[in-house]
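K.L.:
Build the 3D model from these lines:
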Amino acid sequence: MGERVSERIDLRGFLTAYLAEADEHLAAANDRALSIDASLKGGAANPRAVRDLFRIVHTIKGLSAMVAVEPIVVVAHRLESILRAADRGASPLTPPAVEVIFEALRAIEQRLRALEKGAEVPAAAQSLIARLDEHARPTPLPSAPAEATLDLPPAVLSKLAAFECEQLVHGAADGRRAVSAEFVPSPRKAAEGLTINSVRERVGSLAEIVKVIPVAIAPSEAAPGGLSFLFLLLTSADDVEIAAAAGCDPGAVRPLVAPPGAVAPVAGGGEERRGDGGEERPPSDGDALDPEVPEAHARSVLRVDVGRVDEAMDRLSALIVTRSRLARAVSALDASSAVVRELSIIVQENARQLRDLRAALLRIRMVPFAEVLSRLPLILHHVRRTSGKEVRLETYAAEAELDKAVAERVFPALVHLVRNAIDHGMGTPEERAREGKPPEGTVRILCSARSNRHLAIQVNDDGRGIDRQVLARAIGGEVPANDAALLEVLCRPGLSTRAQATLTSGRGMGMDIVRKIVVDQLGGDLSVHSSPGEGTTFTLHIPLTVSILDAFTVQCGEQRFAIPVSIVEEIVEIDPRAVVRGPGRGGAEGTALIERRGETIPLVDLARVLDGAAAPRREALQALVVRRGAEPVAFGLERVLAQQETVVRPLVDPLVQVPGIAGSTDLGDGRPTLVLDLVVMVAALGRTLRGERAA
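P.N.:
A predicted model of the protein is given here:
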C-alpha cells in the first residue's frame with residue numbers, strides 16, 4: 001500500500017469519465033425525486049423511488065470521493081442519511097424534506113458544472129448542511145469495541161471523514177470484514193479491460209464501497225502514472241474474490257480492523273448482511289440487487305468525449321473540401337479532352353463514401369430529444385413551487401434525435417417558453433375554475449421530424465392566451481392583428497407586461513433570447529399562434545445539425561454564395577414579363593411581386609440586399625423561395641450553380657458578424673464563400689415587405 005497521499009494528485013485524466021457518469025446518475029436522481037414528490041402529492045409513499053434514489057446518491061458519493069471532490073461528498077452523505085432513514089421507515093419523507101432533497105441535488109449539479117468549467121468547486125453552504133441535518137434521523141449506531149481502530153497510515157486516515165471511519169468500524173462490528181484493496185492503473189491493465197471504472201463496478205458487486213482514495217506512489221514499470229486507488233470496503237467475500245475483482249494480488253487485500261470476538265466469514269459470504277443498529281441494511285450501490293429490483297443488463301455502450309467526435313468531424317470536413325477540389329480538377333481535365341471516365345467513377349464513389357461517413361459521425365453526435373425534454377420536469381417543479389400554480393407537463397418526442405450541439409443550444413429556449421407559459425399564460429387554480437377550466441393547467445411539448453434535416457417543436461398551453469390589451473399598454477401602441485407581427489412585438493428586447501420582475505419572468509429578455517437562439521444561432525424558424533381564453537402555441541423549426549450540411553451554390557452578381565438546402569422551399573424560374581411592382585411609399589417604386597400557384601409573394605433582389613444601391617441591376621433568372629412563419633419570400637438571383645456538401649465555419653469575430661451571414665465555407669477552390677441565412681434576411685426585411693404588401 002502506498003504510504004504517501006499527495007494533495008496535488010493529477011486526476012484530470014479521470015474527470016471526463018467522472019463527469020459523464022455523474023451527470024447520468026444526477027439525471028436519474030432528479031427523476032426519482034420528482035416521482036417521490038408526485039407520490040407525496042397524491043397522498044402515497046413511493047418506497048421503490050426512495051430506495052433507487054438512495055442507491056444513486058450513494059454512487060454519486062463514491063464517484064466523487066474517487067476524484068476527491070469533497071464538497072459533493074459532504075452533500076451526498078447528508079442526503080444519503082435522509083434517504084437511509086426514509087428507506088427504513090424511521091423518518092418518512094415530508095414535503096419540506098423533499099424540497100431539501102431537490103436543493104441538495106441542485107447543489108451537486110452546480111458543483112459538477114464548476115468542475116466541468118475548471119473553476120474551483122465551492123464548499124457546500126452551511127445553511128443547506130443545517131437543513132439536511134435537520135431532516136436526517138439516523139438510527140443509533142451499535143456500540144463498537146473501544147479497542148477497535150482502523151489500521152491505516154495517518155496520511156490515508158486524514159482523508160477519511162468521521163462518518164466514514166465509523167461506517168468501517170461499525171460494519172466490522174456487525175459481522176462483515178473491513179478491508180482495503182489497491183488498484184494500480186497501467187496501460188497493460190487497461191488493455192485487459194481493467195480501468196478504474198470497470199474495477200469499481202466489479203468490486204462493487206462483492207462489497208460495499210465506503211470510499212476510494214487516490215494515492216500518489218513512486219512511478220515504476222507497474223505504476224507508470226505514479227498513482228493508485230485505495231478501495232476501503234465492507235464485505236463478506238474472501239481475499240481471493242476481492243483481489244480478482246480489483247486486479248491486484250490477494251496479498252494487496254488487507255484487513256482494516258479486527259474487533260475482538262469477530263468470527264471469520266465463510267468464503268464468498270452467504271450470511272444475512274445487517275447494517276447499523278442490527279437492522280436489515282438497505283443495499284448499497286455495490287450490493288447484489290434484491291429480488292424486487294430488476295436485474296441490470298450490461299449495455300454495449302462506449303462513452304466518448306465530445307471533443308474527440310468534434311476532432312473526427314474536423315478531419316471529415318477537411319476530406320470534404322479535398323473531395324471538392326478533386327472534383328474540380330477532374331472537371332478541368334474533362335474540359336481539356338482528357339479521358340477521365342474511370343477517375344470520375346472513383347470520385348463519385350468517394351463522394352458516396354464520405355456521405356456515409358458523415359452520416360455515421362453525425363449519428364454518434366445525435367442524442368434522443370426525449371433526453372433533452374427529461375430535464376424540463378425539474379424546471380417545472382421549481383416554477384410551479386414559486387408561482388403557486390398547478391401545471392402538468394406532457395411531452396411527446398417519439399424517436400426524434402438531434403445533434404448534441406443543437407440540443408444544448410435549444411434547451412434554454414425551451415426553458416424560457418415553459419416558464420412564460422406558466423407565469424404569463426396560466427392562471428391560478430381559482431382563476432382557472434372561474435374560467436370553467438380544470439384547476440391544473442397543461443403545457444405540452446410535441447416534437448416531430450419535419451424532414452430528414454429539420455425538427456418541428458411545438459410548445460403549447462391551455463392558458464388564457466396572449467392578452468393584446470395588456471400588451472398594447474406595455475408597448476404604448478396598437479398590437480398588430482396577424483401572428484407574425486405579434487411575434488415581432490413579443491420578441492422586442494426589454495418588453496415585459498409585468499410591472500415588477502419575479503424569479504421566473506418580468507425582465508423582458510425571455511422571448512428575445514428564444515428568437516436569437518432559434519433564428520440567429522440555429523438558422524431555424526419561430527412562429528406563434530394565440531387564441532384568447534384558449535392558449536398559446538409556439539412552433540420552432542430547427543435543423544438537426546449545423547456543422548456539415550447540403551447547400552446550393554448560387555451566382556449573384558459577381559459573387560458566389562452558399563445557401564443551406566434545408567431553408568429553401570422551392571426553386572422557381574423567373575419570367576421578367578410576369579413581374580409586377582406594388583405601390584411604394586411616397587410614390588416610390590415598391591417591391592416586385594410574382595405569382596406562384598395563385599399566391600402573390602415578394603421578389604427581393606438578393607444582389608441589391610447584399611450590396612446596396614450600388615449593385616448593378618440585373619434581371620433575375622431564378623429565385624429561391626424561403627418562408628418565415630407564414631410569409632414566403634422569393635430571393636432573385638442569376639442562377640443556381642450546384643448542390644453539394646459544405647462545411648460551415650461560424651464567424652466568431654463580432655466585428656464581422658452580420659445578420660443573414662451564417663458563416664463561411666470552402667467550395668474546393670481555396671476561396672472563402674459566405675453562407676447566407678435567407679430566413680434571417682426575411683426577418684430583417686419583414687416590416688418593409690409587410691407594409692408594401694398591405695398597400
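K.L.:
Tell me if K437 really is in a helix.
P.N.:
No. Applying DSSP: H, G, I helix; E, B strand; the rest coil, one finds K437 to be coil, outside a helix.
K.L.:
show me what contacts it?
P.N.:
By Cβ atoms under 8 Å, 6 or more residues apart in numbering, the contact set of K437 is G427, D462. Every C-beta, even on glycine, is put in place using the N, C-alpha and C of the backbone.
K.L.:
Now the phi/psi pair for it, please.
P.N.:
phi -110, psi 160 (degrees, to the nearest 10).
K.L.:
Would you mind measuring from it to G425?
P.N.:
Distance, K437 to G425, by Cβ to Cβ, to the nearest Å: 12 Å.
K.L.:
cool, and R328?
P.N.:
From R328 over to G425 the distance is 54 Å, taken as Cβ to Cβ.
K.L.:
Give me the more crowded residue out of the two.
P.N.:
Comparing R328 with G425 by other Cβ atoms under 10 Å, the one with more neighbours is G425, at 22 against 14.
K.L.:
How about the more buried one: what's its closest non-neighbour residue?
P.N.:
Nearest in space to G425, with sequence neighbours left out and distances taken as Cβ to Cβ, 6 or more residues apart in numbering, is G463 at 3.2 Å.
K.L.:
On the three-state scheme, the one you found is what?
P.N.:
Put simply, G463 is coil when judged by three-state DSSP.
K.L.:
same check, this time on I129
P.N.:
Look at I129: counting by three-state DSSP, its state is helix.
K.L.:
Skipping adjacent residues, who's closest to it in space?
P.N.:
R78 is the one closest to I129 (Cβ to Cβ, 6+ apart), at 6.4 Å.
K.L.:
so what's that neighbour up against?
P.N.:
Taking Cβ under 8 Å, 6+ apart, one finds A104, I129, L132, D133, A136 in contact with R78.
K.L.:
In helices, which of these fall?
P.N.:
Of the contacts of R78, the ones assigned to helices by DSSP state H are A104, I129, L132, D133.
K.L.:
any idea how far the first one lies from R131?
P.N.:
Between A104 and R131 the computed distance is 9 Å (Cβ to Cβ).
K.L.:
Counting neighbours around each, name which of the two comes out higher.
P.N.:
Taking neighbours as other Cβ under 10 Å, A104 and R131 compare with A104 leading, 25 against 18.
K.L.:
quick one: low-confidence ranges for the stretch 251-400 of the chain?
P.N.:
The stretch 251-400 of the chain contains residues with pLDDT under 70 at 258-303.
K.L.:
Show me the residue at the heart of this protein, geometrically.
P.N.:
Centroid check for the chain by Cα atoms, centre = their mean gives E408 as the closest residue, at 4.9 Å.
K.L.:
now the helix or strand where that residue lies, how far from the centre of its chain.
P.N.:
Using DSSP states H and E, E408 sits in helix 404-420. Distance, stretch centre to chain centre, for helix 404-420: 9 Å (Cα atoms, centre = their mean, to the nearest Å).
K.L.:
C-alpha coordinates for it, CSV please?
P.N.:
The C-alpha trace of helix 404-420 is given here as CSV (Å, rounded to 0.1, in the frame of the first residue of the first chain):
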residue,chain,number,x,y,z
LYS,A,404,-25.8,17.3,-29.2
ALA,A,405,-24.6,20.9,-30.0
VAL,A,406,-28.1,21.8,-31.3
ALA,A,407,-29.7,20.2,-28.2
GLU,A,408,-27.5,22.2,-25.9
ARG,A,409,-28.4,25.4,-27.7
VAL,A,410,-32.2,24.8,-28.0
PHE,A,411,-32.7,23.7,-24.3
PRO,A,412,-32.5,27.3,-22.8
ALA,A,413,-35.1,28.4,-25.4
LEU,A,414,-37.5,25.6,-24.3
VAL,A,415,-36.9,26.6,-20.6
HIS,A,416,-37.9,30.2,-21.4
LEU,A,417,-41.0,29.1,-23.3
VAL,A,418,-42.2,26.8,-20.5
ARG,A,419,-41.6,29.5,-17.9
ASN,A,420,-43.5,32.1,-19.9
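K.L.:
Let me know the average pLDDT across the very next helix or strand once past that helix.
P.N.:
As assigned by DSSP H and E, the chain's next helix or strand after helix 404-420 is helix 429-434. Average pLDDT, helix 429-434: 87.
K.L.:
buried residues in helix 429-434?
P.N.:
R432 (16 or more other Cβ atoms under 10 Å).
K.L.:
Now do it: everything it contacts.
P.N.:
Counting by Cβ under 8 Å, 6+ apart, K389, E390, M426, P438, P439, E440, G441 sit against helix 429-434.
K.L.:
following that helix, which helix or strand comes up?
P.N.:
That would be, after helix 429-434 and using DSSP H and E, strand 441-449.
K.L.:
got the angle for that next one vs helix 404-420?
P.N.:
160 degrees (axes from the mean of the first three to the mean of the last three Cα atoms, to 10 degrees).
K.L.:
just checking, what packs against strand 441-449?
P.N.:
Counting contacts by 3 or more Cβ pairs under 8 Å, 6 or more residues apart in numbering; DSSP states H and E, strand 441-449 is packed against helix 369-373, strand 391-396, helix 404-420, strand 454-461.
K.L.:
Report the angle between that strand and strand 391-396.
P.N.:
10 degrees.
K.L.:
So which bits of strand 441-449 are buried?
P.N.:
G441, T442, V443, R444, I445, L446, C447, A449.
K.L.:
Pairing partners for that strand, with directions?
P.N.:
strand 391-396 (parallel), strand 454-461 (antiparallel) (DSSP bridges).
K.L.:
most packed of those strands?
P.N.:
Of these, the one with the most neighbours on average (mean count of other Cβ atoms under 10 Å) is strand 454-461, at a mean of 21.
K.L.:
contact partners of that one?
P.N.:
369, 400, 402, 410, 414, 417-418, 421-422, 425-426, 441-450, 524, 535-544, 566.
K.L.:
ok, 7 Å please
P.N.:
Residues from elsewhere that reach strand 454-461 (Cβ atoms under 7 Å, 6 or more residues apart in numbering): 400, 402, 414, 417-418, 421, 425-426, 441-450, 535-544, 566.
K.L.:
how about the CA coordinates for that strand, as PDB?
P.N.:
Below are the C-alpha coordinates for strand 454-461, written out as PDB (Å, rounded to 0.1, in the frame of the first residue of the first chain):
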ATOM      1  CA  HIS A 454     -35.300  19.600 -39.600                       C
ATOM      2  CA  LEU A 455     -37.200  19.100 -36.400                       C
ATOM      3  CA  ALA A 456     -40.500  20.700 -35.600                       C
ATOM      4  CA  ILE A 457     -41.200  21.500 -31.900                       C
ATOM      5  CA  GLN A 458     -44.500  22.900 -30.600                       C
ATOM      6  CA  VAL A 459     -44.800  24.300 -27.100                       C
ATOM      7  CA  ASN A 460     -48.500  25.000 -26.300                       C
ATOM      8  CA  ASP A 461     -50.500  25.600 -23.200                       C
END
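K.L.:
picking that back up, Serialize the buried residues of strand 441-449 to CSV and add fields for pLDDT and distance to G251.
P.N.:
Formatted as CSV, the buried residues of strand 441-449 follow (pLDDT from 0 to 100; distance: Cβ to Cβ, whole Å):
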residue, pLDDT, distance to G251
G441, 89, 65
T442, 90, 63
V443, 91, 61
R444, 91, 62
I445, 92, 58
L446, 90, 61
C447, 88, 57
A449, 74, 59
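K.L.:
Closest to V580 out of these?
P.N.:
For the buried residues of strand 441-449, the residue nearest V580 by Cβ to Cβ is A449; the value is 38.2 Å.
K.L.:
what bridges to the closest one?
P.N.:
Beta-bridge pairing of A449 under DSSP bridges involves L455.
K.L.:
Wait, it touches E401, no?
P.N.:
No. Using Cβ atoms under 7 Å as the test, A449 is too far from E401 to be in contact (8.8 Å).
K.L.:
Having no further points to raise, I will conclude here.
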